[in-house]
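could you look at this predicted model? Sequence included:
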Amino acid sequence: MVTLSNALGGGNTAASLPLPAAKAAPILEVSHVSVHAGRHALVEDVSLSVKPGETLCLVGESGCGKSLTCMSMLGLLEDNLSIRGSIRLFGTETTGAPENVLNGLRGRDVAMIFQNPMVSLNPVQRVGAQIAEAIVEHTDMRGNAVDRRVVELLDQVGIPNIARNKEYYPHQLSGGMCQRVMIAMALACKPRLLIADEPTTALDVTIQAQILRLLRDLQVELGLGIVLVTHDLGVVAEIADTVAVMYAGRIVEAAPVDDLFEDPRHPYTRALMASRIGFGRQPGTPLDAIGGTVPAPSARPVGCNFAPRCPMASDKCATDPQLVHYGQRAVACHFSGLHNAVPA
Ligand SMILES: Nc1ncnc2c1ncn2[C@@H]1O[C@H](COP(=O)(O)OP(=O)(O)OP(=O)(O)O)[C@@H](O)[C@H]1O
């Protein structure tokens, strides 16, 4: 389990109650990170952290800043974007770090899986060879040891008939198999942190469930920390320890998964749940329970970003609600019932 102070960076969470299992140091610490495109804030003041063996899910509709938050963790933001705040991976500050430091971390200690495996795999190279290349690039392993490791990894991710399938090109494998190959590549160097941006969205329901089980099993086996981006609350319920709900570039609620499902405090979290975002829902589909869409970074309202869509909105919401921490939870809403509790 995680503490809210873990999930949210910890420094200003006086009321956090550490859980017994949360003694290990965080492997990822994102503190007050903002990402700007010119004068527009795309991600604002995001803090979160992950310890070994924990899964943090980032949820929210399309355009809420989930992918940018992940890209910033890996130092992979596009050139037109600037970043403020601090990101520490295994204790190393990565914001502003030289490319060689980031390269040393990426692929070795930290791996990433993207939504569409077909985009990330090389279409003209056999999948076994691609995994072998990742191993050679990031480890000292060479020769037969590499081949053995390729087979071991493909076995670990549940690829059947390995001798044949490793010789296939990506287009000869199904989407689910390609996603498994991507996971095998991500695990090639025994990373300690896996950042997975909607790894199951493009897959059918059965394969989604298999991939999630696989991630869970590997997490137990390898003690992986996982950051998982998903639109899908079914996935969250299955795999998360802690959930951070993002809206318009900010974390609006964060809590241990059971607490969030039992007692969502932010109207946006409740709207996500009421709309039953579940397996198979397409990104960008409007929420059933509330109208409207996430405001573009250039068109955010004064005060609470969610107010124009919120059934509870009142005059109060012209003032920006700060993220307030209470126990294991943090909420940014004037009506959360927590705002008189412990100021952030
Ligand atoms: N390089 C960029 N320059 C300008 N704006 C960008 C850039 N990359 C992303 N954005 C904008 O930043 C906002 C957040 O994008 P992001 O991709 O992080 O959202 P998301 O929550 O991951 O959405 P999705 O679920 O659709 O991937 C969006 O409004 C997006 O259009």
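Great, that's in hand. This structure is a prediction, so every number in the text was calculated from the model and none was measured. Residues are numbered from 1 along each chain as shown.

low-confidence bits of the stretch 101-250 of the chain, can you list those?
Residue ranges of the stretch 101-250 of the chain with pLDDT under 70: 202.

for it, what spans make up the helices?
With DSSP state H, counting those that start in this stretch as the criterion, the stretch 101-250 of the chain has helices at 117-120, 127-138, 144-156, 162-165, 175-187, 205-222, 233-239.

right, so of those helices, which gets closest to residue 71?
Across the helices of the stretch 101-250 of the chain, residue 71 has its closest neighbour in helix 117-120 (13.9 Å, CB to CB). Just so you know, the C-beta spots here come from the backbone N, C-alpha and C atoms, and that holds for glycine as well.

returning to what we had before: for the helices of the stretch 101-250 of the chain, could you give me TSV that also reports distance to residue 317?
Listed next are these as TSV, based on distance: least, CB to CB, whole Å:
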stretch	distance to residue 317
helix 117-120	40
helix 127-138	48
helix 144-156	49
helix 162-165	54
helix 175-187	41
helix 205-222	36
helix 233-239	25
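
and the ones you listed, which is most packed in?
Ranked by mean neighbour count under mean count of other CB atoms under 10 Å, those are led by helix 175-187, which reaches a mean of 24.

which residues sit against that helix?
The contact list for helix 175-187 (CB atoms under 8 Å, 6 or more residues apart in numbering) reads 111-114, 117-118, 120-121, 127, 130-131, 134, 153-154, 156-159, 165, 170, 173, 194, 199-200, 202-204, 207, 210-211, 214-215, 218, 222.

among those, which are in reach of the ligand?
Among those, no residue lies close to the ligand (CB under 6 Å from any ligand atom).

tell me the pLDDT of residue 83.
On pLDDT, residue 83 comes in at 97.

tell me what it is bridged to.
Here residue 83 sits in beta bridges with residue 35, as judged by DSSP bridges.

also residue 110?
Following DSSP bridges, residue 110 is listed with bridge partners residue 106, residue 193.

okay, now it: neighbour count?
For residue 110, the count of nearby residues is 26 (other CB atoms under 10 Å).

closest one to residue 265 among the helices of the stretch 101-250 of the chain?
Proximity to residue 265, assessed across these by CB to CB, is greatest for helix 233-239 (15.7 Å).

wait, residue 64 sits on residue 244?
No - contact criterion CB atoms under 8 Å: residue 64 and residue 244 do not qualify, at 10.4 Å.

please name the nearest non-neighbouring residue to residue 333.
residue 266 (4.9 Å; CB to CB, 6 or more residues apart in numbering).

was I right about the one you found contacting residue 331?
Yes - taking contacts as CB under 8 Å, residue 266 lies within contact range of residue 331: 5.3 Å.

sec struct for the closest residue in space to residue 236 that isn't next to it in sequence, please.
Distance criterion CB to CB, 6+ apart; nearest residue to residue 236, sequence neighbours excluded, is residue 57 at 4.7 Å. Following DSSP: H, G, I helix; E, B strand; the rest coil, residue 57 is assigned to strand.

report the contact partners of residue 57.
228-230, 235-236, 239-240, 242-244, 257.

any chance of TSV for those, columns distance to the ligand?
Output for the contacts of residue 57, formatted as TSV (distance: CB to the nearest ligand atom, whole Å):
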residue	distance to the ligand
228	12
229	6
230	9
235	13
236	14
239	17
240	17
242	18
243	14
244	12
257	19
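
nearest to residue 75, of the residues you listed?
When the contacts of residue 57 are compared against residue 75 (criterion: CB to CB), the nearest one is residue 229, at 17.2 Å.

pLDDT of stretch 87-99, averaged?
93.

oops, could you answer that again for stretch 337-344 instead?
Per-residue scores along stretch 337-344 average to 53.

how much space separates residue 126 from residue 201?
To residue 201, residue 126 is 26 Å away according to CB to CB, to the nearest Å.

which of the two has more residues huddled nearby?
Higher neighbour count among residue 126 and residue 201: residue 201, with 19 against 16, using other CB under 10 Å.

for the chain, which residues are neighbours of the ligand?
37, 42, 60, 62-68, 78, 80-81, 283, 296-297.

contacts for stretch 103-116?
70, 73-75, 89-90, 92, 94, 120, 134, 137-139, 179, 182-183, 185-189, 191-199, 201-202.

and if you look at stretch 133-148?
So stretch 133-148 is contacted by 107-108, 125, 132, 149-150, 185, 188-189 (CB under 8 Å, 6+ apart).
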